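Asker: Have a look; sequence and predicted model below, questions after that.
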Amino acid sequence: MSGPQYRLPAHVPMGGRIDRETPLAFTFNGETFTGYAGDTLASALLAYGAFPLARGFKYHRPRGIWSAGAEEPNALVQLETGARTQPNLRATQIELYGGLAAASVNAWPSVDFDLMRINDWLSPIFPAGFYYKTFMGGGFGAGRWWKLFEPFIRRAAGFGKAPSVPDPDRYERMNAHCDVLVVGGGPAGLSAALAAANRGSRVILADEQAEPGGDLLAGDRAIDDAPAMDWVAAALEKLGSAPEVTVLGRTTVAGLYDDNFATAVESVGDRFGPGAPAHLPRLRLWRIRARQIVLATGAHERPYAFPNNDTPGVMLGNAVRHYAGRYAVVPGKRALLGTNNDSAYRTARMLADAGVPVTLADARETPPAALAKEAESAGATVEAGFAISAVLGDRRVRGAKISRILPDGETSGAPRVVEADLVGVSGGWNPALHLASHRGAKPVWREAQACFVPGDLSALGVWAAGAATGAETLADCLEQGYAAGRDAARAAGRTKRTRKPVLKADDSAAQAPIQPLWAVTSRRPGGRKGKAFVDLQNDVTVKDVALAARENYRSVEHLKRYTTLGMGTDQGKTANVIGLALMGMESGRAPETVGTTTFRPPYTPVPFGALAGRDRGALFDPARETPMFDWHAANGAVFEDVGQWKRPYAYRRAGESLEDAIDREVRAVRDGVGAMDASTLGKIDLKGPDVATLLNRVYTNDWSKLKFGRARYGLMCHEDGMIFDDGVTARLGDGHYVLTTTTGNAATVLNWLEMWLQTEWPELQVFATSVTEAYATATVAGPEARALLSRLDSDIDWSDEAFPHMAAVTGTIVGVPARVFRVSFSGEASWEINVPAHYGLSLWQALIDGGATPYGTEAMHVLRAEKGFIIVGQETDGTVTPFDVGMGWAVSKRKDFIGKRSYSRPDTARPDRKHLVGLLPLDRKIVLPEGGQIVADSEQKPPVTMLGHVTSSYRSPSLNGGFALALLKNGRNRMGDTVHILKLDGGADPARVVEPVFYDKDGGRLRG
Amino acid sequence: MQRYSIFSLARNALTGHRNWPQAWRSPAPKPEYDVVIVGGGGHGLATAYYLAAEHGISNVAVLEKGWIGGGNTGRNTTIIRSNYLWDESAAIYEKSLQLYEGLSRELNFNIMLSQRGVLNLAHNEHDLKEMSRRVRAIRGNGVDSEILSPAEIEKLVPAINISRDLRYPILGASLQRRGGVARHDAVAWGFARGADDRGVDIVQNCEVTGITRQGGRVTGVETTLGPVKAGKVGVVVAGHASVLAEMAGLRLPIDSHPLQAMVSEPIKPVLDCVVMSNAVHVYVSQSDKGELVIGAGIDSFNSYAQRGSWHVIEGQMGALVELFPIFSRLRLMRSWGGIVDTCPDASPILSKTPVDGLYFNCGWGTGGFKATPGSGWAFAHTIARDEPHPINAAFSLDRFTTGALIDEHGAAAVAH
Amino acid sequence: MAETLALAHPLALPPERQGPDSDAVTLSAMPPLVLLDLRCRDKAALDAFLKKPLGLASPPVAQAVSNARGTLFRLGPDWWQLRCNDRKTADRLLKAGAAGPVGVTDISDSCLAIGVAGPRAREVLAKAATLDLHPDAFPAGTAARTLFGRVTVIVSRLDKGEPPTFDVTISRSNARFLWRWLADAAREYGYTTVPYSGGA
Amino acid sequence: MLLIHCPYCGPRDETEFGYGGEADIARPLEPEALSDAEWADYVFMRTNTRGRFKEQWVHSHGCGRWFTMVRNTVTHERGETGVFGGVEPEADG
């Protein structure tokens, strides 16, 4: 690459936003280039000429830089390598930093020589949607061809590459509130922010560029007879000194949501590249709740289409102006501009001033005389009634043709060749109404300007100003911005009156209306050669739109989906309106009747990392720790996740397998004494005179007669009659109960009780307070439990007489108050000791020191299964009633309760529902698979008749072999039958159906 | 109908593709049809197609208030699978998957079925137990499903974080290899073209505003294009089922919720199967275009607005990046919302109603796309014969009275 | 065996100083709380109940009032929490509560409090809080139960100091998570942590 | 993301609230007197209104109270809120 020959020399008074004192070296596709601070990657590359730096998505034709901003369809690059690599970035939005390394995407072997270009030559058989019409099957059977071709299509698709290692960067999230959020820091946005700030509003101004100014950054505008950028600087200074104003630079408002919630992405460390200071986040996601929003988002210039309009060197006209004015780059020696509206005259003037010969083809027969004269006196040639009809060259513009243009887009007469290596095209302006669309504004077609403008949203507190509403003059932008800022502040309750500043803009008096022009390409048979692109990123041509119309994909959504128009990473910012208009022409409709597409968030793509924020790794979700957690962690606990809780699954000793550990823990409880951390069980203190009434309504059994100091087990159901929780409730005093829930349902049950108490039974005097976290709970179980407890310094009498099974006692243990419940989930004599949570760790240590073996959840599961006790969520799945699990004894017939009525429905009353049973494998050495499906006939071929499934299955050291619980259709009437449990790899294990209580059937041990 | 093939493409290339016929006509509605299908989504178009193709009933109109395929058909994440727990579900979803497997050929329209496998992750002991039960039940029903170890998962999906240090580590997964994705628009268009070819009138921009009845029997519909008489009316309008039910004086056990989905920018292939996680709440696949297609759960509240809330997106993207740390620097390109009709038991309603000649097909919740052909096939049968086919008999409206629910919630907090 | 069980505080962790300006944010673990949960349908009854033992009247919802005996947080129309400065007041109220129209429950060990101070304290909390923490919207005396990202907290500003000092109450099982979360959020500014080091 | 006006706490982010679906579905006083269809109507059937819809929410991460709110399910525009059990917000609350 020869030097930056397209950078204007320093003496040309342009390029005000670059710092020529700070050169920055960078690489592109491995070659070294030099730009300046203030450059974008695009401007720095264009200084070397408009060479191909990308390839088209489908045809792999060479592509250059097309725009100077967020609307860029072509210049996607892979930025950096390794862990910080980033695919698909727009070169037009990358701020240059020293050492930057970027590369082309989607070209193989290189962007200069891309083998996939073959698609371009084969393109006659690849019209839009060709893939719907082939690979259907044919001789190879259903879908075989597609199976063959799909991998090729996948490899060919996609642009850049994902990193192959995790992201080392940090992403922050910040919540913010304001009276007025102003989106866009151009003349309208700055004006709006000033107006709102003057009224004392809390203002956030978000601007996506490296510096605010918007269109004024081009440097060719004046306000009050001084450079407009002076006004920008003064405005920023004023805003900077207002205490309640936050100016967020390099911040793109990505989406608007209900109640004026806005999301915005701020580039913090990102713009420094990999060398960013370590403490800075790469990006910060702002979550802004604004009372009022001013949209000063500007407008995107659109082109019109013509053959080979994708050749590098063809650009949007206003982009040419910005590269010259802002960065002192004109990527050509001779320029052709095509336009149908006034705005290109500024570009012409800029190029002429830079000493670049320029021809301006204005499709209008009579351009505004003053503008034309001005341009011509600066040295430009104006060709009225002409439009660009072709571009010559392949990898680079080598010339162009212009033709006399008729109102329907057809040309007349022979084209004229224009010598040019830079082509700028101006087809009109599309107000950036994306954010208004997010809030539900229907775009309104404005015929006079041939564009969609946002519908009114002021009732929702959203105001639009400036070019975003179609304003064409700087004076209008300033005026509208101020009015919107003032109205928004007033609507936000800032009623202080202020004086409106009087500003003089440099707008020319001469203005002529746009003459709509969408494509210069004959629709007549045998028409113009060469592809004329509508959507440059997805390679959708004018012909593709015609094909969609012909095949009746005429709704705008069908058009988009069939041709992929507007579905690229630019989301059709320059393409959508042209596509719509062309579809209208094809189907004889005005653009507004074809429809508009709803723009969806985000406005520009947002990195996933910024959305995830710091909710990663250890901070992804809280890991809730019980008071005894540190002991478990230090003593070999293998944890399992139960909801957010970390619970010890088992405690593994050195040299022990997990299974051995579980066996040892089970034996310890059966033969000695074990201790389990049960702190995660939900505990709800219920107080008030009506607690028993509440319990009667929410539990299936009767609570009227529960005495002081006694506890009872209950099943809780939904109105459909299905079990959703169970637990023990103890009565501690007059109108004072404590209810326990399963670990997973602690919050759900409390909410359930509150919902009924508040919304349905407000007459009940019951206060429910969660005390789950107030107490640490240790279960002490086993034949030696009493002995251990009796050795503790306590005022509690542990004897069976004083403290029988299902009793509840309060007292003191080693100097701290305790609530102790004698309940058993293991089948052994067992006490649940609750002490204030801060003392749980110390209590636990005392129990261990006293000889208890710690046991985890899995040993607990084995112990309870031997007793046939259910676990909600394991023996039940939302389809199981108390009768199904053989707990009809816990269902009162004398009272109503939630769910009761459902038991008399025909299906729920069936006697042959699935019942909880026990299973003993005939071969006691095996453990039946949990989840195993039960069949009567093990020889049946699928689909087989499944009778139920194994809900719990373990090896029991107490029973010397495998045993299981199961839900089995009509199970209670199958006792003694042999059934078969299917194995995953074929075959089945036979098992005998037995009662679901395997151990200590009369319960003597737990009462002992 | 002009058949589509590589040869017809080549032939049309010679004439610059100027001679392709319309894929379907846009007729004005006739005054009367044998059957009117309300709703031109995939399910409605499939119903019309199978009415004509399987039951010889072609005097049928599909009335669509917007553009065909514009509701949930065009908004879903295109996942296809049949790995359901209960026998009734397995039967209808497996029927659907089998129809999908021959659909491109049957419709002469490439719906781009890509059976790249659907992986459901397990993150805790409870997940593992549920997975074991589910896989065994699925296999019992003759549907393919297998259990993968973490090492096997990593081999299949190298981009996934299999580390035990994850907050919710991946402990295992079930895989249905025949599951995958298809091109959602193509399913609607293929059925539309096929139905149109068999004489079905597809009427777009025609909103049904009333259901006319006489003596307990349906007689037709009122529309924005005037009244249309019909012997039978089948309603297949996804999120709007309750609105149509009200027109016929019915109440449904349905709530409509927003469901959001999103895509990344297109990147080179990095994920070769569909990955779903209920526990951390996200699912993702990569489309043929290279976009990562991402979804999660519904928004909590009832809504007919096709938009959801932001925090749902943050939640699922957090989950995605947790599972796939290398995706962190990829970018969200577009997000959108649909309206899903959820049933209390997370199973659909495909049923006759108390009104003679009026049929409802709704309640597919977040997972209707995968059922499209099967649903249309069974619904066509139900309408044509005025009785359900055995594969949809259990999905009747009266199950909510008898209690014979088909509760697929158990292990599917996220059902797709 | 010891005479009484020993107290363990989850935030007895190693102290840290990090980042560009370690004075920008200070996180402090407060000593164990004496905390009562108070429920009552009738504010007047609650005021009458508290008048003698506490000498405080209920503030509006989402505010707190303090005196030498404690701080009364109004969490909802029928819900208060009282952070007592001594055990005696709590015991007296617990005893009185057994009879009256006020449900009194001792939930002392269920929560811990973390102080967040320093010039960047508000920004750190704004990363978690969707509430507006601007002094106009969150003046001294504000005490709101709210969601901090994934955990429920009570965030309050009990004194008029500038820059504001915040007090965050968090459930015990989530305390370390929130502690680490806040420290991580403060990393870009710099922070100092003052963990619990014994005493009440 | 909705900004929901809790009758007791004022505007709070949607994430602080739990959703309770359609309001005014009263539990039958005598379930046993209902037919299966009437019981099913109470347990399962919902109006699922398109338009102005009265629903119930709970400020679960705030004051803990349930309340009703009218909301347009198409535009999400909010109407009046209501309280349960006569627990009225205080003028200064």
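Answerer: It's in.
Asker: show me what contacts the closest residue to residue A:106 other than its chain neighbours?
Answerer: Spatial nearest neighbour of residue A:106, excluding adjacent residues (CB to CB, 6 or more residues apart in numbering or on different chains): residue A:159 at 4.8 Å. For every residue, glycine as well, the C-beta is placed using N, CA and C. Neighbouring residues of residue A:159 by CB atoms under 8 Å, 6 or more residues apart in numbering or on different chains: A:57, A:76, A:87, A:88, A:105, A:106, A:569, B:265, B:266, B:267, B:268, B:290.
Asker: what about the first one, which helix or strand?
Answerer: Assigned by DSSP states H and E, residue A:57 falls within no helix or strand.
Asker: how far away is it from residue A:66?
Answerer: According to CB to CB, to the nearest Å, residue A:57 and residue A:66 sit 14 Å apart.
Asker: can you check the fourth one too?
Answerer: From residue A:88 across to residue A:66, the span is 15 Å (CB to CB).
Asker: okay, the two: which has more neighbours?
Answerer: Neighbour count, other CB atoms under 10 Å in any protein chain shown: between residue A:88 and residue A:66, residue A:66 has more, with 28 against 25.
Asker: which stretches of chain C aren't confidently modelled?
Answerer: Scanning chain C for pLDDT under 70 picks out C:1-2, C:199-200.
Asker: what about the closest residue to chain D within it, how many neighbours?
Answerer: Nearest residue of chain C to chain D, counting by CB to the nearest CB: residue C:76, 3.0 Å away. Look at residue C:76: counted by other CB under 10 Å, it has 20 neighbours.
Asker: now do residue A:936
Answerer: 15.
Asker: In terms of pLDDT, where does it sit?
Answerer: At residue A:936, the model reports a pLDDT of 96.
Asker: Likewise for residue A:422?
Answerer: With respect to pLDDT, residue A:422 has a value of 98.
Asker: and the closest residue to chain C within chain D, how far is that from residue A:678?
Answerer: Residue nearest to chain C within chain D: residue D:63 (3.0 Å; CB to the nearest CB). Separation of residue D:63 from residue A:678 (CB to CB): 31 Å.
Asker: of the two, who's got more company?
Answerer: Comparing residue D:63 with residue A:678 by neighbour count (other CB under 10 Å), the higher total belongs to residue D:63, at 27 against 22.
Asker: Please name the nearest non-neighbouring residue to the more buried one.
Answerer: residue C:76 (3.0 Å).
Asker: quick one: stretch A:609-619 to chain centroid distance?
Answerer: In terms of CA atoms, centre = their mean, to the nearest Å, the centre of stretch A:609-619 is found 12 Å from the chain centre.
Asker: same deal with stretch A:793-813?
Answerer: Using CA atoms, centre = their mean, the offset of stretch A:793-813 from its chain centre is 54 Å.
Asker: what's the first-to-last distance across that stretch?
Answerer: 6 Å (CA to CA, to the nearest Å).
Asker: For stretch C:107-124, list every residue counted as buried.
Answerer: C:107-118, C:120-124 (16 or more other CB atoms under 10 Å in any protein chain shown).
Asker: Take these and keep only those in strands.
Answerer: C:111, C:112, C:113, C:114, C:115, C:116, C:117 (DSSP state E).
Asker: how about the residues of chain D near chain B?
Answerer: Neighbours of chain B within chain D, by CB under 8 Å from any CB of the partner chain: D:1-2, D:14-15, D:18-19, D:21-22, D:36-37, D:39-41, D:43-50, D:53, D:55, D:71, D:73-76.
Asker: Can you tell me which of those end up in strands?
Answerer: D:18, D:19, D:21, D:22, D:53, D:55, D:71.
Asker: C-terminal to the helix or strand of chain B with the lowest mean pLDDT, what's the next element?
Answerer: Within chain B, no helix or strand scores below helix B:6-14, which has a mean of 90 by mean pLDDT, DSSP states H and E. Once helix B:6-14 ends, the next helix or strand along the chain (criterion: DSSP H and E) is strand B:32-38.
Asker: May I ask which helix or strand encompasses residue A:254?
Answerer: strand A:251-257.
Asker: List every C-alpha atom in stretch B:227-237, with coordinates, as PDB.
Answerer: C-alpha atoms of stretch B:227-237 as PDB (Å, rounded to 0.1, in the frame of the first residue of the first chain):
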ATOM      1  CA  PRO B 227     -69.300 -12.000   6.400                       C
ATOM      2  CA  VAL B 228     -68.100 -15.400   5.300                       C
ATOM      3  CA  LYS B 229     -70.300 -18.400   5.800                       C
ATOM      4  CA  ALA B 230     -68.800 -21.700   6.800                       C
ATOM      5  CA  GLY B 231     -70.000 -25.200   7.700                       C
ATOM      6  CA  LYS B 232     -67.100 -25.500  10.100                       C
ATOM      7  CA  VAL B 233     -64.700 -23.100  11.700                       C
ATOM      8  CA  GLY B 234     -61.300 -24.000  13.000                       C
ATOM      9  CA  VAL B 235     -59.600 -21.400  15.200                       C
ATOM     10  CA  VAL B 236     -55.800 -21.500  15.300                       C
ATOM     11  CA  VAL B 237     -54.700 -18.100  16.400                       C
END
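Asker: which residues sit in contact with the residue nearest to residue A:130 when sequence neighbours are not counted?
Answerer: For residue A:130, ignoring the flanking residues on the chain, the nearest one in space by CB to CB, 6+ apart is residue B:9 at 5.9 Å. Each residue near residue B:9 by CB under 8 Å, 6+ apart is listed here: A:125, A:127, A:130, A:133, A:134.
Asker: Look up how far chain C lies from the closest residue to residue B:224 other than its chain neighbours.
Answerer: Nearest non-adjacent residue to residue B:224, counting by CB to CB, 6+ apart: residue B:207, 4.6 Å away. According to CB to the nearest CB, to the nearest Å, residue B:207 and chain C sit 39 Å apart.
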